[in-house]
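# Structural data only, the sequence is not supplied:
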């Protein structure tokens, strides 16, 4: 049994991803949480958006050429847009309802309602952001300027969009849309870019991180105010991300966190669907599902993920061995 | 000379196909005469040959008309055409719109040695295309020897199991041709129940098989008792495991059938030795005695003949079937470099019963899964990369002995898989501080062979084995059912792996990268950052790397496959 509790290091980003998706799923299972907890567990999606921004900077933004950047951007986008799109179709078929705006991923501009039983606003906003970046990449010289001015350029972009998020809703009421619009969410995504550039070992890490932490905290509290938990969730997540590279966990927790983090996107896509099933099975009268619903939804989403992973691995292995077999020739002397 | 057999057995049936269509020796003679009239002078012909009446009749007719033929498998047409670009044959024989015909490729005359009759491509992946040159004398003498010891007569009927473009398959055609016997033509495998039905229906008296054929017969528990017409079976084309030889021989002996284990090389047209069927069960590891008219000689390092039983040396063969040499370029088709003796490249000895056996491979070739692997070529590959690797092994396992440090072994393993297409279970890489050498500075292969005892022979990948088996299955329904079973089995295993309930299956960093990206183009110098797709696969890959190395290096995504592999035995600072 002792090996189950042996400490193993894990990337903080992995832990944050796992915790964030669990928070998102918990909130959806317990919309009345503030009544019995005294506060809501908001902020999971913001942390996920920040982490996405970090990896976007790492994998796409830093590509050596603009052409490669576009290629990586398409690959990055396809990895979540295709499954999200398929899920929309799945729910349309299941519920026998159709919504063109939702199908084309721009409904967030018109309504917070949706047919699909998963937070479609996230892939909608992400797709819109990626399309804008893709379009901008065709402006001659912009990529070269951006590469030369990093990280100041990124910090400037962040400052502009943080200001937009802070100011614009005061003039245009986007609360009914839950502010799920690309220009209002971009600062959160860009926060991840900033974190990537300040944690780049070629920079001056500690001073840059301290400065970035200050900028992040000021921006987050300015945007959300001090009275909502989302500000604290995102702040704590940001600080951990900036200053703690690895966290040691007992082996059993390490394994659990790894699986939840790896399955995070599937949990995101599937948990609400399983909540609906749980509601029917448990004959719930209110949407308050409690811990049971949360475990049910997350657990079955992980099963879906593992089935898909198993299928993908099987397909790849059979294809690779088949290729090998087809290169063999019969002996005959 | 082949023509004389067509004339002699004019009235007999030479081929019979599955549909019951037949052709007589006389029909083939008529075709030979027609080809002789149509094409004056000797031509170089690249001819598709498979188990059909038309293609085999053309092959024999071309030979009988005195042309020089390179028979090739229609499935290898691309390779044959690539060779045609080099050798510029006059004619290409192939089936078009269901009709076999000869088509002009290059009308320019070619200098052909008067004795040259057949060109056989040396199989496999050794790089430079090379032909073995065989004369009519080589082919007929070997065919007559085979016919003598297999006791083939005008009444013999063999059902085909091999491609006639391979030297083993071709030798069956020749030995039946010189005996006035009949071949039942089919491409069905012994896994196909229709093969056995055809055998029973036609009263076939023999068939031939490579090791895999007999492995399948044994694994399928096919009872030879159900086929009373069968008189004998032959096995060649590689080494069949000792226990399987013993089982096959025992079964055949009990039923009064003969089971021949044979040994040969394309360079000997191809048969060199055989084990008399009454001795196979007692000496399942032997290659037997030389074919009639041939002689086996064991020579020591200095070329002296060894006559003492049990003393090993290199096996040489002398006989009228030894080739006219190799053709490496078109000009070689005009020459004859018949060696006095054929160096087989095998090490062996004769036992006290007068039976020869092989102890190992002296020559620098192995035949792994039917691919001829040049050990020298592999060594040169590594040499050019400043890695000292010396290869040895047998036809079941290649052993690469290297001074490359333990932590760089993965690069050697990767090259063996990627560059030479050797499956991971068919080779082992062994580290040594210094490669053993003789006093004259040459590699000490005797000592090197002892490394074979030190390696753990990995069993064949069951998936690979099953897919090969399935490939042979002609029935689409059984193939689909089999594939479904394989898929489900693999799926359950992979599904459990996802939770790491079973051991993780990643064998290398490259494996991990392949699994975590959409790119298949991952080499030693590829870093994950170059091929990463999205943040999710990034997380999964980082977890797998961490699991594989025992820790996750900083900036691991910027490190190349080779750099990460080199950290496998490091501990994090």
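Right, received. Where do you want to start? What you are looking at is a predicted structure, and each value in this text was computed from that prediction instead of being measured. Numbers count the residues shown, from 1 in each chain, chains lettered A, B, ... in the order given.

# C-alpha only now, for contacts and for neighbours.
OK.

# give the contact list for whatever residue of the stretch 401-550 of chain B ends up closest to chain A.
Distance from chain A to each residue of the stretch 401-550 of chain B (Cα to the nearest Cα) is smallest for residue B:495, at 4.2 Å. Neighbour list for residue B:495: A:306-307, A:309-311 [criterion: Cα atoms under 8 Å, 6 or more residues apart in numbering or on different chains].

# Please apply the same query to residue B:411.
B:524, B:562.

# what about it, which helix or strand?
Assigned by DSSP states H and E, residue B:411 falls within helix B:409-418.

# Is chain A within reach of the helix or strand that comes right after that helix?
Once the chain leaves helix B:409-418, the next helix or strand it forms, by DSSP H and E, is strand B:427-431. No - under the criterion of Cα under 8 Å from any Cα of the partner chain, chain A is not reached by strand B:427-431; the shortest gap measures 14.6 Å.

# And the residue of the stretch 151-300 of chain A that's closest to chain B?
Residue nearest to chain B within the stretch 151-300 of chain A: residue A:262 (5.8 Å; Cα to the nearest Cα).

# Can you report how many residues lie near that residue?
A count of nearby residues for residue A:262, using other Cα atoms under 10 Å in any protein chain shown, gives 25.

# ok, and the closest non-adjacent residue to it?
residue B:540 (5.8 Å; Cα to Cα, 6 or more residues apart in numbering or on different chains).

# Am I right that residue B:281 is in contact with residue B:243?
No - using Cα atoms under 8 Å, residue B:281 is not in contact with residue B:243, being 9.5 Å away.

# if you count what's nearby, which of the two comes out ahead?
Per other Cα under 10 Å, whichever of residue B:281 and residue B:243 has more neighbours is residue B:281, with 23 against 12.

# Return the residues in contact with that one.
Residue B:281 makes contacts with B:245-247, B:249-250, as judged by Cα under 8 Å, 6+ apart.

# can we see that at 10 Å?
Taking Cα atoms under 10 Å, 6 or more residues apart in numbering or on different chains as the criterion, residue B:281 is in contact with B:242-253, B:259, B:275.

# swap in residue B:247?
By Cα under 10 Å, 6+ apart, the contact list for residue B:247 reads B:218, B:253, B:281, B:284.

# and what of residue A:4?
Here residue A:4 is in contact with A:250-255 (criterion: Cα under 10 Å, 6+ apart).

# Residue B:25: what's it in contact with?
Applying Cα under 10 Å, 6+ apart to residue B:25 gives the contacts B:3, B:5-15, B:31, B:57, B:60-61, B:177, B:180-182.

# In strands, which of the residues you listed fall?
Secondary structure from DSSP state E places B:13-15, B:182 of the contacts of residue B:25 in strands.

# How about the stretch 1-150 of chain A: which residue is closest to chain B?
Among all residues of the stretch 1-150 of chain A, residue A:76 sits closest to chain B, at 4.8 Å; criterion: Cα to the nearest Cα.

# Pretty sure that residue sits against residue A:60.
Yes - Residue A:76 is within contact range of residue A:60, at 7.8 Å (criterion: Cα atoms under 10 Å).

# about what we covered before: from residue A:184, how far out is the residue of the stretch 401-550 of chain B closest to chain A?
40 Å (Cα to Cα, to the nearest Å).

# Can you lay out the ones in strands among the contacts of residue B:25 as a markdown table showing neighbour count?
Shown next, in a markdown table, are the ones in strands among the contacts of residue B:25 (neighbours: other Cα atoms under 10 Å in any protein chain shown):
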| residue | neighbour count |
| --- | --- |
| B:13 | 18 |
| B:14 | 28 |
| B:15 | 27 |
| B:182 | 26 |
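
# out of those, which touch chain A?
Filtering the ones in strands among the contacts of residue B:25 for proximity to chain A by Cα under 10 Å from any Cα of the partner chain leaves nothing.

# Report the secondary structure state of the residue nearest the centre of chain A.
Central residue of chain A (Cα atoms, centre = their mean): residue A:48, 3.7 Å from the mean position. Three-state assignment for residue A:48 (DSSP: H, G, I helix; E, B strand; the rest coil): helix.

# any idea how far residue A:17 is from it?
Separation of residue A:48 from residue A:17 (Cα to Cα): 6 Å.

# which residues are in contact with both of these two?
Common contacts of residue A:48 and residue A:17 (Cα under 10 Å, 6+ apart): A:237, A:264.

# next helix or strand past the helix or strand hosting the residue nearest to residue A:262?
In this structure, residue B:540 sits in helix B:535-549 according to DSSP H and E. Once the chain leaves helix B:535-549, the next helix or strand it forms, by DSSP H and E, is helix B:561-566.

# Can you name every helix or strand that that following helix contacts?
Packed against helix B:561-566 by the contact rule (3 or more Cα pairs under 10 Å, 6 or more residues apart in numbering or on different chains; DSSP states H and E) you find helix B:409-418, helix B:509-515, helix B:535-549.

# Any chance of those in JSON lines with mean pLDDT as columns?
Below are these laid out as JSON lines (pLDDT from 0 to 100):
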{"stretch": "helix B:409-418", "mean pLDDT": "84"}
{"stretch": "helix B:509-515", "mean pLDDT": "78"}
{"stretch": "helix B:535-549", "mean pLDDT": "77"}
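
# Could you export those helices as JSON lines, including distance to residue B:89?
Shown next, in JSON lines, are those (distance: least, Cα to Cα, whole Å):
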{"stretch": "helix B:409-418", "distance to residue B:89": "33"}
{"stretch": "helix B:509-515", "distance to residue B:89": "44"}
{"stretch": "helix B:535-549", "distance to residue B:89": "53"}
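
# now, which of the contacts of residue A:4 lie close to chain B?
residue A:255.

# In strands only, show me the contacts of residue A:4.
In this view, those that belong to strands under DSSP E are residue A:250.

# out of the contacts of residue A:4, which is most surrounded?
When neighbours are taken as other Cα under 10 Å, the top entry among those is residue A:254 (22 neighbours).

# Can you name the residues that contact residue B:30?
B:6-7, B:10, B:24, B:36, B:61.

# circling back to that earlier point, of all the helices and strands packed on helix B:561-566, which lies closest to residue A:216?
For residue A:216, the closest of the helices and strands packed on helix B:561-566 is helix B:535-549, at 21.8 Å, according to Cα to Cα.
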